[in-house]
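In: based on what follows, work out the 3D shape:
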Amino acid sequence: MLNISYINKATENLKSFIPEDKIFELLEQTKNPDPVRVREIIQKSLDKNRLEPVEMATLLNVEDKELLEEVFEGARELKRRIYGNRIVLFAPLYIGNECINNCQYCGFRVTNNNIERRSLNLEEVVEEVKALENKGHKRLIVVFGEHPMYDAKFMTETIKTIYNTKEGKGEIRRVNVNAAPQTVEDYKLFKEVGIGTFQIFQETYHTETYKKYHISGPKSNYLWRLYGLDRAFEAGLDDVGIGALFGLYDWKFEAMGLLYHTIHLEETFNVGPHTISFPRIEPALDTPLAERPPYAVSDDDFKKLVAILRLAVPYTGLILTAREPVEIRNEVLKFGVSQIDGGSSIGVGSYHESDEEKIKRSQFLLGDNRTLDQIIEELSEEGYLPSFCTGCYRLGRTGEHFMEFAIPGFVKRFCTPNAILTFLEYLEDYAPEKTREIGLKRIEEELKNIPDDNKFKMQLLEKIEKVRAGERDLYF
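Out: From the prediction side, this is the model:
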């Protein structure tokens, strides 16, 4: 684990690429936007072009209800055109809640003496993974606190254990990581074990706010975190996720920060982030700031945020977690969310152990406690296509190569067939009869939407028959 002296030394010549004064200027000069200009911007996005900061600021300043509805409809249409109706499902897996940082909004902070500390050993990791596989999960995001116990060697051994754990027909095919920023050498260890996306959330892009709420520990260095994914690229990882924690500072500023971070990665590495996350602060054990966020984001503003993020970065996945209540999740799914978690439990060890006190080991409270099967059933009834797809990552369609496919909208060609195949696996192996019946009907509807002269359709039908006959892990 790096000490703060090393981190300060490593960042002394770095400058922030978030132009704070420019963000304030753009948000001010684009107030009361011309509807014609707003519609031009929406059309630019529908043509699958990433927006410029001044264009995002213009959308953020739309207040007229009818014009705002056009923004929402633009986001819905963009989702239909690029992502279809598939929703990718994953589960979070918390490995440990030890932490040496003192972040005022987080239940894991070092000064929170009421949190029950626990770290899973590898045998317990196996039990957690088996419990998740028995529910049908194929994709995980593993979460580590920042602590000397969780060095790169420990984390990568944990990831190897997850990949090697098989239960019945179950297996985890993609492990994404949410952890502290690493050195270039440590990132190389993650690349060696074949992780998916490495996520780092900046929490807030506003430097003064960052200093105010990150009081001590390695995370108190804004620039070390801001450049964390640059070092990942330098190590050869080309699949990264960014995010901000909404509620610490003005939500419009944070949205602009996410866009500037995207542009920085595009200009520096020719690859934008694979995913963007936008969690709102939720209550946490003995954490007063989380009970009363200084810049709480209303539900209406949250919906606007999601729609505008969708339009601003058409080719980037948007992740919506179970922090949000069911009704909000259902509503913003339509605005362009592409990934959600399902059947989540964020108490350390709580997938394989029944524990009514798990909140004492949790980072925050969840707003959506539905099981994975409940979510899949409801998604299917609403016309979505649940997916556990991992095809792109395993065929090397990541980083710059992914963008070559994603930006023109070609992902839909692969994603829908792969979603059908992985959904069918779930229905065959894990679904109760009611969900199976609804799901099979959804698959039939999806197949009818694929033209008979589509060259993939015959191959897809052949793979479907193989899955029904017992083969697994087939993809394009």
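In: residue 142 belongs to a strand?
Out: Yes - the assignment for residue 142 is a strand, going by DSSP: H, G, I helix; E, B strand; the rest coil.
In: tell me where the protein has strands.
Out: In the chain, the strands defined using DSSP state E lie at 86-96, 139-144, 166-167, 170-171, 174-178, 198-203, 240-244, 275-277, 317-320, 339-341, 385-387.
In: so for residue 131, which of these sits nearest?
Out: When the strands of the chain are compared for distance to residue 131 using C-beta to C-beta, the nearest one is strand 166-167, at 8.5 Å. To be clear about C-beta, it is placed using only N, CA and C from the backbone, and glycine gets the same treatment.
In: the nearest residue to residue 334 once chain neighbours are set aside: neighbouring residues, count only.
Out: Computed as C-beta to C-beta, 6 or more residues apart in numbering, the closest residue to residue 334 that is not its neighbour in sequence is residue 76, at 5.3 Å. Per other C-beta atoms under 10 Å, the neighbour tally for residue 76 reads 16.
In: any idea how far residue 76 lies from residue 260?
Out: Applying C-beta to C-beta, to the nearest Å, the value for residue 76 to residue 260 is 26 Å.
In: swap in residue 162?
Out: For residue 162, the distance to residue 260 - C-beta to C-beta - is 34 Å.
In: just want to know which of these two has more residues nearby.
Out: residue 162 (23 against 20).
In: the more buried one touches residue 172, doesn't it?
Out: Yes - the pair residue 162 and residue 172 qualifies as a contact (C-beta atoms under 8 Å) at a distance of 5.3 Å.
In: now for these two: what residues contact both?
Out: Common contacts of residue 162 and residue 172 (C-beta atoms under 8 Å, 6 or more residues apart in numbering): 129, 140.
In: ok so, going back, got the contact list for the residue nearest to residue 334?
Out: Counting by C-beta under 8 Å, 6+ apart, residue 76 has contacts 334-336.
In: which of those residues ranks first by neighbour count?
Out: That'd be residue 336 among the contacts of residue 76, by other C-beta under 10 Å, with 28 neighbours.
In: any idea how far the spatially closest residue to it that is not a sequence neighbour lies from residue 48?
Out: Leaving aside its chain neighbours, residue 336 sits nearest to residue 310 (2.9 Å; criterion: C-beta to C-beta, 6+ apart). Distance, residue 310 to residue 48, using C-beta to C-beta: 12 Å.
In: who's more crowded, the two?
Out: The neighbour comparison of residue 310 against residue 48 (other C-beta under 10 Å) goes to residue 310, with 29 against 15.
In: residue 72 is in contact with the more buried one, correct?
Out: No - contact between residue 310 and residue 72 fails when scored by C-beta under 8 Å: they sit 9.6 Å apart.
In: any shared contact partners between the two?
Out: Shared contacts of residue 310 and residue 72, counting by C-beta under 8 Å, 6+ apart, come down to residue 335.
In: give the contact list for the one residue sitting closest to the centre of the chain.
Out: For the chain, the residue nearest the mean C-alpha position is residue 319 (3.6 Å; C-alpha atoms, centre = their mean). Neighbour list for residue 319: 241, 243, 275-278, 337-340 [criterion: C-beta under 8 Å, 6+ apart].
In: how about residue 200?
Out: 178-179, 181, 225, 228-229, 240-243.
In: which parts of the stretch 301-450 of the chain are helices?
Out: Secondary structure of the stretch 301-450 of the chain (DSSP state H, counting those that start in this stretch): helices at 326-333, 372-381, 391-394, 399-406, 411-429, 433-448.
In: could you dump these to JSON lines with mean neighbour count, distance to residue 251 and mean pLDDT?
Out: Converted to JSON lines, the helices of the stretch 301-450 of the chain look like this (neighbours: other C-beta atoms under 10 Å; distance: least, C-beta to C-beta, whole Å; pLDDT from 0 to 100):
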{"stretch": "helix 326-333", "mean neighbour count": "18", "distance to residue 251": "14", "mean pLDDT": "94"}
{"stretch": "helix 372-381", "mean neighbour count": "20", "distance to residue 251": "26", "mean pLDDT": "98"}
{"stretch": "helix 391-394", "mean neighbour count": "20", "distance to residue 251": "31", "mean pLDDT": "80"}
{"stretch": "helix 399-406", "mean neighbour count": "17", "distance to residue 251": "26", "mean pLDDT": "61"}
{"stretch": "helix 411-429", "mean neighbour count": "22", "distance to residue 251": "28", "mean pLDDT": "90"}
{"stretch": "helix 433-448", "mean neighbour count": "15", "distance to residue 251": "35", "mean pLDDT": "97"}
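In: nearest to residue 196, out of those helices?
Out: With C-beta to C-beta, the closest approach to residue 196 among the helices of the stretch 301-450 of the chain belongs to helix 391-394: 5.5 Å.
In: could you give the mean pLDDT of stretch 218-230?
Out: Average pLDDT, stretch 218-230: 98.
In: send me it as CSV with only the CA atoms.
Out: What follows is stretch 218-230, C-alpha atoms only, in CSV (Å, rounded to 0.1, in the frame of the first residue of the first chain):
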residue,chain,number,x,y,z
PRO,A,218,-4.4,8.2,0.1
LYS,A,219,-7.7,9.2,-1.3
SER,A,220,-7.2,12.8,-0.1
ASN,A,221,-5.0,13.4,-3.1
TYR,A,222,-7.3,14.6,-5.9
LEU,A,223,-4.8,14.3,-8.7
TRP,A,224,-3.7,10.8,-7.8
ARG,A,225,-7.3,9.7,-8.2
LEU,A,226,-8.0,11.9,-11.3
TYR,A,227,-5.0,10.3,-13.1
GLY,A,228,-5.7,6.8,-11.8
LEU,A,229,-7.1,5.5,-15.1
ASP,A,230,-4.3,7.1,-17.1
